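>>> Prediction below, plus the sequence it came from.
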Amino acid sequence: MISFREQLPLLRLNCDEVLHYEESWVHDVIQEAAQRSGHGDSWFAEDIAKGVILYLKERFQKTSIGIDELFMKIERTLRAVGFSDIAGNLEHQTPPARICLNAMAEDAGEGFELRFFQLLAERVKTLRD
């Protein structure tokens, strides 16, 4: 995969897989940690997520970032603005997986519906693992 400078850096997972992620995912991670910390519907989660995203797009020098490094940056940002309790409740998680069904259908071939479902099952198992 190629990461363009004006976009978010690609996310490197522990299994050497790289993938794109949505800005909304970063917001959701912070929002979930805020709820676990007892902050409820946190108005600041969106602003903090925007700050992290802006940093990654404009100031982060590399084209990819490890998932642990990304969560470390989110934690540091939360602590810097006085939300240490939320930083302590961040759960390291991977972004939602996406599967291109069109490509999978093409791989299965015309008239091979059962092969499509075999391919789908294999891909879901791989992503779950």
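Cool, the structure landed. Residues are numbered from 1 along each chain as shown.

>>> drop to CA atoms for contacts and neighbour counts, all remaining ones
Noted.

>>> The helix or strand harbouring Ala103 - contacts with which helices or strands?
Per DSSP states H and E, Ala103 falls inside helix 101-108. Helix 101-108 sits against helix 113-128, with contacts defined as 3 or more Cα pairs under 8 Å, 6 or more residues apart in numbering; DSSP states H and E.

>>> Model confidence score at the residue lying farthest from the centre of the chain, please.
Distance from the C-alpha centroid of the chain, by Cα atoms, centre = their mean, peaks at Gly111 (35.2 Å). pLDDT recorded at Gly111 is 76.

>>> hmm, back to that, the helix holding Ala103: which residues count as buried?
Met104, Ala105, Ala108 (16 or more other Cα atoms under 10 Å).

>>> same deal with stretch 40-56?
Quick answer for stretch 40-56 (16+ other Cα under 10 Å): Ala45, Glu46, Ile48, Ala49, Lys50, Val52, Ile53, Leu56.

>>> cool, stretch 58-66 as well?
Those would be Thr63, Ser64, Ile65, Gly66, for stretch 58-66 by 16+ other Cα under 10 Å.
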